[in-house]
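Undergrad: need the 3D shape of this:
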Amino acid sequence: MALTAEEREVVISFSDADNLATVYTASPKWIRKFDRLVLENPAEYAELTSRRQYAGTDVISKTYTMPIHLISIRTKSREYTDEQRAIMAERLKAVRN
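TA: Numbers count the residues shown, from 1 in each chain. So this is what the prediction gives:
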């Protein structure tokens with residue numbers, strides 16, 4: 001049974017008493033993202049728990065830990081001109097080749 005959109009949440013919690021944040025997610029997109037971060041940066045990201053709906057089924061939620069200093073809140077969206085977009089597209093094309 002799949003989770004509803006309301007159930008697929010991401011919760012980040014931390015306190016001033018510790019330098020680590022706990023991230024709980026039931027969103028498959030964020031599970032994939034954090035799984036990749038755990039593999040690429042095991043010194044900073046760690047998986048704490050995972051939960052399955054039924055034995056042998058897909059994972060429906062996971063909890064991770066990470067340093068607080070890696071959490072970022074952006075103040076505004078980035079706006080690019082058409083010229084900037086073209087430059088970025090060329091740069092990406094060069095990297096892919």
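
Undergrad: need the longest strand for this protein.
TA: As assigned by DSSP state E, the longest strand anywhere in the chain is strand 59-67.

Undergrad: mind giving me the packing neighbours of that strand?
TA: strand 20-25, helix 28-40, strand 46-52 (3 or more Cβ pairs under 8 Å, 6 or more residues apart in numbering; DSSP states H and E). In this view, the C-beta of every residue, glycine as well, is placed from N, C-alpha and C.

Undergrad: switch the cut-off to 10 Å
TA: Packing partners of strand 59-67 (3 or more Cβ pairs under 10 Å, 6 or more residues apart in numbering; DSSP states H and E): strand 10-13, strand 20-25, helix 28-40, strand 46-52.

Undergrad: partners of the second one, with directions?
TA: Based on DSSP bridges, the pairing partners of strand 20-25 within the sheet are strand 10-13 (antiparallel), strand 59-67 (antiparallel).

Undergrad: if we can go back for a sec, out of the helices and strands packed on strand 59-67, which is the most enclosed?
TA: strand 20-25 (a mean of 17; mean count of other Cβ atoms under 10 Å).

Undergrad: so what touches it?
TA: Outside strand 20-25, the residues that touch it by Cβ atoms under 10 Å, 6 or more residues apart in numbering are 8-15, 30-34, 37, 44-49, 51, 61-71.

Undergrad: quick revisit: now the longest strand of the chain: buried residues?
TA: Neighbour counts using 16 or more other Cβ atoms under 10 Å place 60-66 of strand 59-67 among the buried residues.

Undergrad: quick one: least confident helix or strand in the chain?
TA: strand 46-52 (a mean of 91; mean pLDDT, DSSP states H and E).

Undergrad: just the buried positions in stretch 80-97, please.
TA: Per 16+ other Cβ under 10 Å, stretch 80-97 contains no buried residues.

Undergrad: one step back: how about the strands paired with strand 20-25, which one is nearest Leu3?
TA: Closest to Leu3 of those is strand 59-67 (Cβ to Cβ; 6.1 Å).
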